[in-house]
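Colleague: Sharing a model prediction with you, sequence too.
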Amino acid sequence: SQKIEQNSEALNIQEGKTATLTCNYTNYSPAYLQWYRQDPGRGPVFLLLIRENEKEKRKERLKVTFDTTLKQSLFHITASQPADSATYLCAFSGGYNKLIFGAGTRLAVHP
Amino acid sequence: DTGVSQDPRHKITKRGQNVTFRCDPISEHNRLYWYRQTLGQGPEFLTYFQNEAQLEKSRLLSDRFSAERPKGSFSTLEIQRTEQGDSAMYLCASSLRAGGGRDTEAFFGQGTRLTVV
C-alpha cells in the first residue's frame, strides 16, 4: 500500500541554524508533494507544494526538494527561529487531492 | 474570518451516544474532505465530497459513520453509537479544483476534538 514516512524523532536545533526534515515514500509515484505545519491543538497549515518536474521550490526561508529517483523530499528552514517550533507534515495526493500524510516530525528550535 | 470553520471545537460524550460535527468550508471551494487524527499521527483520510456528491470513503469509515454535504455547502459528520476508539481530532478541509487537474493547497479547519468516555 502507499506509504509515506517521516523521521518520528523530534528534531532539536539551535536558533539560527538550518533545520532539515526528511520525507520518504514507497509504493507510489506522486505527481505532487505538499508540506504543512501543525501547531498543538490546531489544524495543519499549508506551506509549500512541489511537483515531480520541479527539483526545488523556495518560499522565504523555506526550501523543498523532490527527488523522484530516491523517492524522497527534503524540507529546509534556514535561519530557524523559536517561532518555527511545530510539527511538520509531509503529504502526497492520492487522487482528488485526497492527502496521504506522514506522521510528522516535531521541530524544536532553542534560543 | 473566511477560513474553514468547525463546530464544536471540543465534544465529550458517553460511549454509545451519537455525535454530529459541522464543517463550513471556504465558500468558493468545491472540494471538501474529512480526516481523523490521533495523537502522534498525521491526519488520515475519511471521506471526500465534490460539491454535494460523496465520491470516496475510506475503509476507516465504518457503518457507524455517515457524512453529508447537502447543497454542496456545509458538511456534517455523524458518528452513531460512539466507542472509545473514536476518540480523536476530526479535521475538515476544503480546496478548489484547479484547471488541468492540478492539485491545489488544502485549507484545514481547527478541528473537533472528540473524547468518548
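Modeller: Happy to help now that I have it.
Colleague: Need the phi and psi values for residue A:83.
Modeller: phi -70, psi -10 (degrees, to the nearest 10).
Colleague: show me the residues around it that make contact.
Modeller: Contact analysis of residue A:83 by Cβ atoms under 8 Å, 6 or more residues apart in numbering or on different chains lists residue A:109. Placement of C-beta: from N, CA and C, glycine included.
Colleague: list the buried ones in stretch A:83-103?
Modeller: Of all the residues in stretch A:83-103, those buried under the rule 16 or more other Cβ atoms under 10 Å in any protein chain shown are A:84-93, A:96-103.
Colleague: Over to stretch A:17-29?
Modeller: Buried residues in stretch A:17-29, counted by 16+ other Cβ under 10 Å: A:19, A:21, A:23, A:24, A:25.
Colleague: pLDDT-wise, what's the bottom of these?
Modeller: On pLDDT alone, residue A:25 ranks lowest of the buried residues of stretch A:17-29, at 91.
Colleague: Would you agree that one is in contact with residue A:101?
Modeller: No - the pair residue A:25 / residue A:101 is not scored as a contact, 11.1 Å apart, by Cβ atoms under 8 Å.
Colleague: what's the weakest-modelled helix or strand in chain B?
Modeller: One helix or strand of chain B scores below all others by mean pLDDT, DSSP states H and E: strand B:53-57, with a mean of 92.
Colleague: Next: chain A.
Modeller: Going by mean pLDDT, DSSP H and E, chain A bottoms out at strand A:3-6, a mean of 90.
Colleague: Alpha carbons of the helix or strand following that strand, as CSV, please.
Modeller: The helix or strand immediately downstream of strand A:3-6 is strand A:11-14, counting by DSSP states H and E. Taking Å, rounded to 0.1, in the frame of the first residue of the first chain, the C-alpha atoms of strand A:11-14 are listed here in CSV:
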residue,chain,number,x,y,z
LEU,A,11,14.5,17.4,15.8
ASN,A,12,16.1,19.9,18.2
ILE,A,13,18.3,22.6,16.8
GLN,A,14,19.8,25.9,17.8
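Colleague: Strand A:11-14 packs against which elements?
Modeller: In terms of contacts (3 or more Cβ pairs under 8 Å, 6 or more residues apart in numbering or on different chains; DSSP states H and E), strand A:11-14 is packed against strand A:19-26, strand A:105-110.
Colleague: residues in contact with the longest one?
Modeller: Contact with strand A:19-26 is made by A:2-7, A:11, A:13, A:33, A:35, A:70-77, A:80, A:84, A:88, A:90, A:92, A:102, A:105, A:107, A:109, as judged by Cβ under 8 Å, 6+ apart.
Colleague: One more: stretch B:14-25?
Modeller: Applying Cβ under 8 Å, 6+ apart, the contact partners of stretch B:14-25 are B:4-8, B:11, B:13, B:32, B:34, B:73-84, B:90, B:92, B:94, B:107, B:109, B:112, B:114, B:116-117.
Colleague: Alpha carbons of stretch A:85-98, in PDB - could you do that?
Modeller: Extracted C-alpha coordinates of stretch A:85-98, given in PDB (Å, rounded to 0.1, in the frame of the first residue of the first chain):
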ATOM      1  CA  SER A  85       8.800  25.200  16.500                       C
ATOM      2  CA  ALA A  86       5.900  23.000  15.400                       C
ATOM      3  CA  THR A  87       5.200  19.600  13.800                       C
ATOM      4  CA  TYR A  88       5.800  19.500  10.000                       C
ATOM      5  CA  LEU A  89       3.700  17.100   7.900                       C
ATOM      6  CA  CYS A  90       4.600  15.800   4.500                       C
ATOM      7  CA  ALA A  91       1.700  14.600   2.300                       C
ATOM      8  CA  PHE A  92       1.100  13.400  -1.200                       C
ATOM      9  CA  SER A  93      -2.100  13.400  -3.200                       C
ATOM     10  CA  GLY A  94      -3.900  10.100  -3.600                       C
ATOM     11  CA  GLY A  95      -6.200  11.500  -6.300                       C
ATOM     12  CA  TYR A  96      -8.900  14.200  -6.000                       C
ATOM     13  CA  ASN A  97      -6.300  16.000  -3.900                       C
ATOM     14  CA  LYS A  98      -7.000  13.400  -1.100                       C
END
